[in-house]
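Chemist: Next input, structure requested:
(one chain, ligands or ions: 1)
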Amino acid sequence: MTTASTTSPALSADPLQLIDVDHVRFYVGNAKQAAYFYAHTFGFRIDQIADLTTGSRTEADYLLTQGNIRLLLTTPLNDTHPAAEEIKLYGDGIKEVALTVDDAEAAYNQAIANGGESAQAPRTIEDDKGTVTVASIRAYGRMIHTFVSRTGEYAHENMRNGGMFMPNFKKHESPLNDYNEKHPCGLMYVDHLVGNVEEGKMNEWVKWYEDVMGFAMFKHFDDADISTEYSALMSKVMASGNNLIKMPINEPAEGLKKSQIQEYLEWHNMTPGVQHLAFRTDDELATVAELRRRGVDFLDMPDTYYDLVWDRVNTMLKEHGHDIVREDHERVKELGVLVDADDEGYLLQLFTKPLQDRPTFFIEIICRRGSQSFGKGNFKALFESLELEQERRGNL
Ligand code: FE2
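Modeler: Now for the predicted structure:
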(Lines give C-alpha, C1' and ligand atoms only; values in the text may rest on other atoms or scores of the structure.)
Protein backbone atom coordinates (compact mmCIF):
# COMPACT_ATOMS: atom_id res chain seq x y z
CA MET A 1 0.00 0.00 0.00
CA THR A 2 1.51 3.32 -0.99
CA THR A 3 -1.32 5.68 -0.25
CA ALA A 4 -4.05 6.36 2.26
CA SER A 5 -6.23 7.72 -0.48
CA THR A 6 -9.40 5.81 -1.26
CA THR A 7 -10.42 5.17 -4.82
CA SER A 8 -12.53 8.00 -6.07
CA PRO A 9 -16.15 6.99 -5.55
CA ALA A 10 -18.64 7.70 -8.30
CA LEU A 11 -20.64 10.53 -6.72
CA SER A 12 -21.27 9.00 -3.34
CA ALA A 13 -24.51 9.64 -1.51
CA ASP A 14 -22.64 11.15 1.43
CA PRO A 15 -21.25 14.60 0.53
CA LEU A 16 -18.78 14.27 3.42
CA GLN A 17 -17.23 11.12 1.96
CA LEU A 18 -13.53 12.03 1.88
CA ILE A 19 -11.33 11.09 -1.07
CA ASP A 20 -7.95 12.28 0.15
CA VAL A 21 -6.08 14.75 2.32
CA ASP A 22 -5.84 17.42 -0.35
CA HIS A 23 -3.19 19.45 1.42
CA VAL A 24 -2.06 20.78 4.80
CA ARG A 25 -1.51 24.54 4.86
CA PHE A 26 0.97 26.29 7.13
CA TYR A 27 1.01 30.02 7.77
CA VAL A 28 4.68 30.97 7.95
CA GLY A 29 6.64 34.20 8.26
CA ASN A 30 8.78 33.55 5.19
CA ALA A 31 7.59 30.79 2.86
CA LYS A 32 10.61 31.07 0.60
CA GLN A 33 12.92 30.15 3.47
CA ALA A 34 10.55 27.69 5.19
CA ALA A 35 10.21 25.81 1.88
CA TYR A 36 13.96 25.36 1.82
CA PHE A 37 13.91 24.05 5.41
CA TYR A 38 11.27 21.39 4.75
CA ALA A 39 12.84 20.47 1.43
CA HIS A 40 16.30 20.14 2.89
CA THR A 41 15.51 18.46 6.20
CA PHE A 42 12.53 16.24 5.24
CA GLY A 43 13.20 15.74 1.54
CA PHE A 44 10.14 17.50 0.16
CA ARG A 45 10.06 18.61 -3.44
CA ILE A 46 9.41 22.34 -3.86
CA ASP A 47 7.06 21.59 -6.70
CA GLN A 48 4.98 24.69 -7.43
CA ILE A 49 4.86 28.33 -6.43
CA ALA A 50 2.28 31.12 -6.62
CA ASP A 51 3.77 34.56 -5.88
CA LEU A 52 4.09 38.07 -7.31
CA THR A 53 5.53 36.62 -10.51
CA THR A 54 2.35 34.60 -11.14
CA GLY A 55 0.05 37.49 -10.26
CA SER A 56 -0.53 36.64 -6.60
CA ARG A 57 -0.46 40.12 -5.03
CA THR A 58 -1.44 39.37 -1.41
CA GLU A 59 0.30 36.09 -0.52
CA ALA A 60 3.03 33.72 -1.65
CA ASP A 61 2.29 29.97 -1.67
CA TYR A 62 4.83 27.17 -1.94
CA LEU A 63 3.55 23.66 -2.65
CA LEU A 64 5.84 20.98 -1.24
CA THR A 65 5.26 17.36 -2.23
CA GLN A 66 6.49 13.92 -1.24
CA GLY A 67 4.62 10.64 -1.80
CA ASN A 68 0.97 11.55 -1.36
CA ILE A 69 1.76 14.44 1.01
CA ARG A 70 1.16 18.04 -0.04
CA LEU A 71 2.22 20.86 2.26
CA LEU A 72 1.23 24.37 1.28
CA LEU A 73 3.32 27.14 2.88
CA THR A 74 1.60 30.51 2.83
CA THR A 75 3.16 33.87 3.63
CA PRO A 76 1.22 37.15 3.69
CA LEU A 77 2.60 39.93 1.49
CA ASN A 78 0.94 42.74 3.44
CA ASP A 79 -0.22 43.49 6.97
CA THR A 80 -3.95 43.18 6.20
CA HIS A 81 -3.74 39.53 5.09
CA PRO A 82 -5.30 37.33 7.84
CA ALA A 83 -2.10 35.26 8.00
CA ALA A 84 -0.17 38.35 9.18
CA GLU A 85 -2.24 38.54 12.37
CA GLU A 86 -2.03 34.78 12.98
CA ILE A 87 1.74 34.72 12.59
CA LYS A 88 1.96 37.53 15.13
CA LEU A 89 -0.15 35.50 17.59
CA TYR A 90 1.13 31.96 17.04
CA GLY A 91 4.36 32.02 15.06
CA ASP A 92 4.63 29.49 12.22
CA GLY A 93 2.13 26.64 12.30
CA ILE A 94 -0.69 24.73 10.67
CA LYS A 95 -3.76 26.72 9.67
CA GLU A 96 -5.75 24.37 7.46
CA VAL A 97 -6.31 20.70 6.78
CA ALA A 98 -7.92 20.48 3.35
CA LEU A 99 -9.89 17.41 2.32
CA THR A 100 -10.65 16.34 -1.24
CA VAL A 101 -14.33 15.54 -1.85
CA ASP A 102 -16.53 15.01 -4.90
CA ASP A 103 -18.32 18.33 -4.50
CA ALA A 104 -16.87 20.94 -2.15
CA GLU A 105 -20.02 23.05 -2.08
CA ALA A 106 -22.21 20.04 -1.19
CA ALA A 107 -19.77 18.96 1.53
CA TYR A 108 -19.69 22.49 2.93
CA ASN A 109 -23.50 22.75 2.90
CA GLN A 110 -23.77 19.40 4.68
CA ALA A 111 -21.22 20.44 7.32
CA ILE A 112 -23.06 23.73 7.89
CA ALA A 113 -26.39 21.87 8.12
CA ASN A 114 -24.71 19.61 10.70
CA GLY A 115 -23.92 22.64 12.86
CA GLY A 116 -20.55 23.73 11.45
CA GLU A 117 -19.56 27.39 11.29
CA SER A 118 -18.43 28.89 7.99
CA ALA A 119 -14.88 30.16 7.61
CA GLN A 120 -15.21 30.83 3.90
CA ALA A 121 -18.20 30.35 1.58
CA PRO A 122 -17.68 28.21 -1.54
CA ARG A 123 -15.73 29.81 -4.37
CA THR A 124 -14.38 28.42 -7.60
CA ILE A 125 -10.96 29.28 -8.98
CA GLU A 126 -10.74 28.56 -12.68
CA ASP A 127 -8.80 28.99 -15.87
CA ASP A 128 -8.91 27.32 -19.28
CA LYS A 129 -7.41 24.11 -17.82
CA GLY A 130 -10.05 23.38 -15.18
CA THR A 131 -11.53 24.39 -11.84
CA VAL A 132 -10.81 24.08 -8.16
CA THR A 133 -13.69 24.74 -5.75
CA VAL A 134 -12.91 25.41 -2.09
CA ALA A 135 -15.12 26.03 0.96
CA SER A 136 -14.04 26.14 4.60
CA ILE A 137 -15.47 25.59 8.05
CA ARG A 138 -14.01 26.47 11.44
CA ALA A 139 -12.71 23.69 13.67
CA TYR A 140 -10.88 24.02 17.02
CA GLY A 141 -9.00 27.24 17.76
CA ARG A 142 -7.28 28.62 14.67
CA MET A 143 -7.84 25.47 12.63
CA ILE A 144 -10.07 25.32 9.55
CA HIS A 145 -11.09 22.39 7.36
CA THR A 146 -11.41 23.18 3.67
CA PHE A 147 -13.34 20.97 1.29
CA VAL A 148 -11.74 20.87 -2.16
CA SER A 149 -13.20 19.53 -5.41
CA ARG A 150 -11.34 19.56 -8.70
CA THR A 151 -12.00 19.25 -12.43
CA GLY A 152 -10.04 19.19 -15.69
CA GLU A 153 -6.25 19.24 -15.39
CA TYR A 154 -6.66 20.06 -11.70
CA ALA A 155 -8.64 16.86 -11.04
CA HIS A 156 -7.48 14.91 -8.01
CA GLU A 157 -5.81 12.06 -9.91
CA ASN A 158 -3.85 14.48 -12.12
CA MET A 159 -2.86 16.69 -9.22
CA ARG A 160 -1.60 13.83 -7.05
CA ASN A 161 0.43 12.47 -9.95
CA GLY A 162 2.43 15.65 -10.30
CA GLY A 163 -0.05 17.77 -12.26
CA MET A 164 -0.84 21.39 -11.51
CA PHE A 165 -2.25 22.19 -8.06
CA MET A 166 -4.42 25.21 -8.86
CA PRO A 167 -4.66 28.07 -11.35
CA ASN A 168 -1.91 30.71 -10.98
CA PHE A 169 0.74 28.26 -9.77
CA LYS A 170 3.94 27.66 -11.73
CA LYS A 171 6.25 24.65 -11.62
CA HIS A 172 9.50 25.10 -9.74
CA GLU A 173 12.89 23.65 -10.63
CA SER A 174 15.83 23.54 -8.25
CA PRO A 175 19.01 21.53 -7.63
CA LEU A 176 17.53 20.62 -4.24
CA ASN A 177 14.64 18.85 -5.99
CA ASP A 178 17.12 16.83 -8.04
CA TYR A 179 19.09 15.98 -4.90
CA ASN A 180 15.95 14.83 -3.08
CA GLU A 181 15.03 12.56 -5.95
CA LYS A 182 18.39 10.83 -5.60
CA HIS A 183 18.18 10.67 -1.78
CA PRO A 184 14.56 9.80 -0.94
CA CYS A 185 13.28 10.13 2.62
CA GLY A 186 10.43 7.68 2.08
CA LEU A 187 7.53 9.73 3.48
CA MET A 188 4.30 8.38 1.96
CA TYR A 189 1.24 10.12 3.37
CA VAL A 190 -0.29 11.79 6.42
CA ASP A 191 -1.01 9.01 8.93
CA HIS A 192 -2.62 11.22 11.54
CA LEU A 193 -2.82 14.76 12.78
CA VAL A 194 -3.15 15.71 16.43
CA GLY A 195 -4.93 18.77 17.80
CA ASN A 196 -4.38 20.34 21.21
CA VAL A 197 -7.50 21.91 22.73
CA GLU A 198 -8.11 23.65 26.06
CA GLU A 199 -8.58 21.77 29.31
CA GLY A 200 -12.10 20.37 29.54
CA LYS A 201 -12.84 20.88 25.83
CA MET A 202 -11.80 17.51 24.39
CA ASN A 203 -15.27 15.96 24.52
CA GLU A 204 -16.82 19.03 22.89
CA TRP A 205 -14.51 18.63 19.91
CA VAL A 206 -15.03 14.88 19.80
CA LYS A 207 -18.75 15.57 19.47
CA TRP A 208 -18.08 18.28 16.88
CA TYR A 209 -16.18 15.83 14.66
CA GLU A 210 -19.00 13.31 15.05
CA ASP A 211 -21.83 15.76 14.40
CA VAL A 212 -20.33 18.11 11.80
CA MET A 213 -17.81 15.93 9.94
CA GLY A 214 -19.43 12.51 10.35
CA PHE A 215 -16.28 11.12 12.00
CA ALA A 216 -16.43 8.34 14.61
CA MET A 217 -14.37 7.55 17.64
CA PHE A 218 -11.61 5.18 16.60
CA LYS A 219 -11.95 2.11 18.82
CA HIS A 220 -9.30 -0.44 19.41
CA PHE A 221 -7.58 -2.36 22.13
CA ASP A 222 -5.27 0.50 23.02
CA ASP A 223 -8.24 2.69 23.42
CA ALA A 224 -9.85 5.97 23.97
CA ASP A 225 -9.03 7.71 27.23
CA ILE A 226 -5.38 8.06 27.97
CA SER A 227 -4.66 9.80 31.20
CA THR A 228 -1.60 9.01 33.23
CA GLU A 229 0.40 10.90 35.78
CA TYR A 230 3.22 10.86 33.26
CA SER A 231 1.61 11.91 30.02
CA ALA A 232 -0.55 14.58 31.74
CA LEU A 233 -2.91 14.54 28.83
CA MET A 234 -6.23 13.10 27.81
CA SER A 235 -6.67 12.01 24.24
CA LYS A 236 -9.42 10.64 22.04
CA VAL A 237 -8.95 9.57 18.46
CA MET A 238 -11.45 10.63 15.81
CA ALA A 239 -11.44 8.94 12.41
CA SER A 240 -13.15 9.80 9.14
CA GLY A 241 -15.74 7.31 7.85
CA ASN A 242 -13.27 5.46 5.66
CA ASN A 243 -10.36 5.84 8.12
CA LEU A 244 -8.65 8.02 5.51
CA ILE A 245 -7.53 10.38 8.24
CA LYS A 246 -7.30 10.02 11.99
CA MET A 247 -7.32 13.04 14.25
CA PRO A 248 -6.51 12.46 17.91
CA ILE A 249 -7.60 15.36 20.12
CA ASN A 250 -5.62 16.14 23.27
CA GLU A 251 -6.45 18.23 26.29
CA PRO A 252 -4.14 18.96 29.21
CA ALA A 253 -4.65 16.90 32.34
CA GLU A 254 -3.47 17.15 35.91
CA GLY A 255 -0.04 15.54 36.06
CA LEU A 256 3.11 15.41 38.10
CA LYS A 257 4.58 18.25 36.05
CA LYS A 258 3.29 20.87 33.66
CA SER A 259 1.62 19.17 30.72
CA GLN A 260 3.24 19.44 27.29
CA ILE A 261 -0.26 20.35 26.05
CA GLN A 262 -0.38 23.25 28.49
CA GLU A 263 3.05 24.40 27.37
CA TYR A 264 1.89 24.31 23.74
CA LEU A 265 -1.18 26.40 24.55
CA GLU A 266 0.82 28.96 26.51
CA TRP A 267 3.14 29.51 23.54
CA HIS A 268 0.22 29.49 21.10
CA ASN A 269 -1.65 32.41 22.61
CA MET A 270 -3.86 29.98 24.60
CA THR A 271 -5.41 28.99 21.29
CA PRO A 272 -5.98 25.39 20.18
CA GLY A 273 -4.10 24.20 17.12
CA VAL A 274 -2.24 21.30 15.57
CA GLN A 275 0.36 19.77 17.88
CA HIS A 276 1.86 17.29 15.44
CA LEU A 277 1.55 15.81 12.01
CA ALA A 278 2.53 12.15 11.59
CA PHE A 279 3.99 11.03 8.27
CA ARG A 280 3.84 7.37 7.34
CA THR A 281 6.86 5.45 6.07
CA ASP A 282 7.25 1.76 5.16
CA ASP A 283 10.83 1.71 6.42
CA GLU A 284 11.27 3.57 9.70
CA LEU A 285 14.99 2.88 9.99
CA ALA A 286 15.87 4.04 6.47
CA THR A 287 13.69 7.15 6.84
CA VAL A 288 15.02 8.13 10.26
CA ALA A 289 18.63 7.48 9.20
CA GLU A 290 18.21 9.75 6.17
CA LEU A 291 16.43 12.46 8.17
CA ARG A 292 19.12 12.39 10.86
CA ARG A 293 21.78 12.65 8.15
CA ARG A 294 19.96 15.76 6.91
CA GLY A 295 19.98 17.29 10.38
CA VAL A 296 16.43 16.71 11.64
CA ASP A 297 16.40 17.32 15.37
CA PHE A 298 14.64 14.34 17.00
CA LEU A 299 13.72 13.95 20.65
CA ASP A 300 16.34 12.11 22.66
CA MET A 301 15.17 9.03 24.48
CA PRO A 302 16.74 8.01 27.77
CA ASP A 303 19.11 5.03 27.27
CA THR A 304 17.14 3.08 29.84
CA TYR A 305 14.27 2.96 27.37
CA TYR A 306 16.02 0.20 25.40
CA ASP A 307 16.68 -1.85 28.54
CA LEU A 308 12.95 -2.39 28.86
CA VAL A 309 11.40 -2.02 25.44
CA TRP A 310 12.18 -5.40 23.83
CA ASP A 311 10.77 -7.41 26.68
CA ARG A 312 7.64 -5.25 26.78
CA VAL A 313 7.00 -5.26 23.04
CA ASN A 314 8.11 -8.75 22.00
CA THR A 315 6.27 -10.40 24.90
CA MET A 316 3.08 -8.63 23.84
CA LEU A 317 3.57 -9.71 20.21
CA LYS A 318 4.18 -13.36 21.14
CA GLU A 319 1.14 -13.37 23.43
CA HIS A 320 -1.01 -12.41 20.47
CA GLY A 321 0.61 -14.86 18.06
CA HIS A 322 2.67 -12.34 16.07
CA ASP A 323 6.32 -12.45 15.04
CA ILE A 324 8.62 -10.30 17.13
CA VAL A 325 9.90 -6.93 15.84
CA ARG A 326 11.76 -7.74 12.62
CA GLU A 327 13.89 -4.60 12.47
CA ASP A 328 17.45 -4.96 13.77
CA HIS A 329 17.15 -4.23 17.49
CA GLU A 330 20.61 -2.66 17.76
CA ARG A 331 19.93 -0.40 14.80
CA VAL A 332 16.61 0.70 16.35
CA LYS A 333 18.55 1.76 19.45
CA GLU A 334 21.31 3.49 17.45
CA LEU A 335 18.72 5.56 15.61
CA GLY A 336 16.77 6.28 18.81
CA VAL A 337 13.53 4.93 17.33
CA LEU A 338 10.59 4.08 19.62
CA VAL A 339 8.63 0.83 19.47
CA ASP A 340 5.20 -0.10 20.78
CA ALA A 341 2.88 -3.08 20.36
CA ASP A 342 -0.75 -4.04 20.83
CA ASP A 343 -2.92 -7.05 20.03
CA GLU A 344 -2.75 -6.35 16.28
CA GLY A 345 0.99 -5.90 15.84
CA TYR A 346 3.59 -3.23 16.41
CA LEU A 347 4.65 0.22 15.30
CA LEU A 348 7.87 2.18 15.10
CA GLN A 349 7.75 5.92 15.68
CA LEU A 350 9.90 8.94 16.41
CA PHE A 351 9.12 12.57 17.19
CA THR A 352 11.05 15.66 16.18
CA LYS A 353 11.62 18.58 18.52
CA PRO A 354 9.45 21.64 17.77
CA LEU A 355 10.23 22.87 14.25
CA GLN A 356 10.15 26.56 15.12
CA ASP A 357 11.54 28.54 18.03
CA ARG A 358 8.26 28.46 19.92
CA PRO A 359 7.70 25.04 21.53
CA THR A 360 4.61 24.31 19.44
CA PHE A 361 4.31 22.21 16.26
CA PHE A 362 6.39 19.06 15.63
CA ILE A 363 6.45 16.07 13.26
CA GLU A 364 6.22 12.33 13.91
CA ILE A 365 7.61 9.63 11.62
CA ILE A 366 5.59 6.41 11.95
CA CYS A 367 5.75 2.92 10.45
CA ARG A 368 2.97 0.42 11.18
CA ARG A 369 3.43 -3.34 11.25
CA GLY A 370 -0.15 -4.28 12.06
CA SER A 371 -0.71 -1.92 14.97
CA GLN A 372 -3.32 0.78 14.38
CA SER A 373 -2.70 2.58 17.66
CA PHE A 374 -0.58 5.61 18.48
CA GLY A 375 2.17 4.43 20.80
CA LYS A 376 0.48 4.62 24.17
CA GLY A 377 3.24 2.49 25.70
CA ASN A 378 5.72 5.17 24.71
CA PHE A 379 3.83 7.98 26.43
CA LYS A 380 5.68 7.56 29.70
CA ALA A 381 9.07 7.34 27.97
CA LEU A 382 8.15 10.25 25.73
CA PHE A 383 6.96 12.33 28.63
CA GLU A 384 10.20 11.82 30.51
CA SER A 385 12.11 12.94 27.46
CA LEU A 386 9.83 15.94 26.81
CA GLU A 387 10.18 16.92 30.45
CA LEU A 388 13.92 17.08 30.06
CA GLU A 389 13.44 19.38 27.07
CA GLN A 390 10.94 21.55 28.98
CA GLU A 391 13.43 21.82 31.83
CA ARG A 392 16.13 23.02 29.41
CA ARG A 393 13.74 25.71 28.17
CA GLY A 394 12.94 26.77 31.74
CA ASN A 395 9.24 25.97 31.25
CA LEU A 396 8.74 23.27 33.85
FE1 FE2 B 1 1.15 10.80 16.88
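Chemist: all helices for the chain, in order.
Modeler: If DSSP state H is used as the criterion, the helices of the chain fall at 31-42, 82-90, 104-113, 156-160, 175-182, 202-211, 260-266, 284-293, 305-319, 329-334, 379-392.
Chemist: Among those helices, which comes closest to the ion?
Modeler: Closest approach to the ion among these is made by helix 379-392 (9.8 Å; C-beta to the ion). For glycine as for every other residue, the C-beta is placed from the backbone atoms N, C-alpha and C.
Chemist: and the closest one, what's its mean pLDDT?
Modeler: For helix 379-392, mean pLDDT rounds to 72.
Chemist: so where is the chain shaky, pLDDT-wise?
Modeler: Under the criterion pLDDT under 70, the flagged ranges of the chain are 1-12, 219-232, 256-257, 380-386.
Chemist: what does it put close to the ion?
Modeler: Applying C-beta under 5 Å from the ion, we find that the chain lies next to the ion at 278, 364.
Chemist: per-domain residue ranges of the chain.
Modeler: Listed by automatic domain parsing, the domain ranges of the chain are 20-182, 187-393.
Chemist: Out of those domains, the one nearest residue 14 is which?
Modeler: For these, the distance to residue 14 is smallest for domain 187-393, at 7.0 Å, taking C-beta to C-beta.
Chemist: burial measure for the nearest residue to residue 283 once chain neighbours are set aside, as a count.
Modeler: Excluding the flanking residues, the one nearest residue 283 by C-beta to C-beta, 6 or more residues apart in numbering is residue 186, at 5.7 Å. When counting by other C-beta atoms under 10 Å, one arrives at 20 neighbours for residue 186.
Chemist: Isn't residue 186 up against residue 280?
Modeler: No: Residue 186 is not in contact with residue 280 according to C-beta atoms under 8 Å; the separation is 9.4 Å.
Chemist: ok, the closest residue to the ion within the stretch 151-300 of the chain - contacts?
Modeler: For the stretch 151-300 of the chain and the ion, the shortest gap (C-beta to the ion) falls at residue 278, measuring 4.5 Å. Applying C-beta atoms under 8 Å, 6 or more residues apart in numbering to residue 278 gives the contacts 190-194, 349, 363-366.
Chemist: just residue 61 next, same as before
Modeler: Neighbouring residues of residue 61 by C-beta under 8 Å, 6+ apart: 31, 49-51, 72-74, 169.
Chemist: So which of those residues are in strands?
Modeler: With DSSP state E as the criterion, strands contain 49-50, 72-74 from among the contacts of residue 61.
Chemist: circling back to that earlier point, would you turn the domains of the chain into CSV with distance to residue 13?
Modeler: Shown next, in CSV, are the domains of the chain (distance: least, C-beta to C-beta, whole Å):
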stretch, distance to residue 13
domain 20-182, 10
domain 187-393, 12
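Chemist: circling back: counting neighbours, which of the ones in strands among the contacts of residue 61 comes out on top?
Modeler: residue 73 (26 neighbours).
Chemist: Could you measure from residue 99 over to the ion?
Modeler: Taking C-beta to the ion, to the nearest Å as the measure, residue 99 falls 19 Å from the ion.
Chemist: you'd agree that residue is up against residue 149?
Modeler: No: applying C-beta under 8 Å, one finds residue 99 not in contact with residue 149, separated by 10.1 Å.
Chemist: The two: which is more packed in?
Modeler: Applying other C-beta under 10 Å to residue 99 and residue 149 shows that residue 149 carries more neighbours, namely 25 against 22.
Chemist: Disregarding flanking residues, what is the spatial nearest neighbour of the more buried one?
Modeler: residue 104 (4.1 Å).
Chemist: I'd guessed that neighbour sits against residue 131; true?
Modeler: No: counting by C-beta under 8 Å, residue 104 stays clear of residue 131, with 10.1 Å between them.
Chemist: Between the two, tell me which one has more neighbours.
Modeler: Using other C-beta under 10 Å, the more surrounded residue of residue 104 and residue 131 is residue 104, with 26 against 17.
Chemist: so what's the more buried one up against?
Modeler: Here residue 104 is in contact with 122, 133-135, 146-149 (C-beta under 8 Å, 6+ apart).
Chemist: Give me the longest strand you can find in this structure.
Modeler: Max-length strand for the chain by DSSP E is strand 117-127.
Chemist: Now do the contacts for residue 78.
Modeler: Residue 78 makes contact with 58, 84, according to C-beta under 8 Å, 6+ apart.
Chemist: Let me see the backbone angles for it.
Modeler: When read as degrees, to the nearest 10, the backbone of residue 78 gives phi -150, psi 170.
Chemist: how far away is it from the ion?
Modeler: Counting by C-beta to the ion, the gap from residue 78 to the ion is 36 Å.
Chemist: returning to what we had before: please identify the deepest-packed of the helices of the chain.
Modeler: With neighbours taken as mean count of other C-beta atoms under 10 Å, the helices of the chain reach their highest mean count in helix 260-266, at a mean of 22.
Chemist: residue contacts, the residue nearest the centre of the chain?
Modeler: Nearest to the geometric centre of the chain sits residue 277, at 2.4 Å (C-alpha atoms, centre = their mean). By C-beta under 8 Å, 6+ apart, the contact list for residue 277 reads 24, 94, 190, 193-194, 361, 363-364.
Chemist: Any chance of the residues you listed in JSON lines with neighbour count as columns?
Modeler: Shown next, in JSON lines, are those (neighbours: other C-beta atoms under 10 Å):
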{"residue": "24", "neighbour count": "20"}
{"residue": "94", "neighbour count": "22"}
{"residue": "190", "neighbour count": "24"}
{"residue": "193", "neighbour count": "20"}
{"residue": "194", "neighbour count": "20"}
{"residue": "361", "neighbour count": "23"}
{"residue": "363", "neighbour count": "21"}
{"residue": "364", "neighbour count": "22"}
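Chemist: In CSV, list those residues along with distance to residue 44.
Modeler: Listed next are the contacts of residue 277 as CSV, based on distance: C-beta to C-beta, whole Å:
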residue, distance to residue 44
24, 12
94, 15
190, 13
193, 17
194, 20
361, 16
363, 11
364, 16
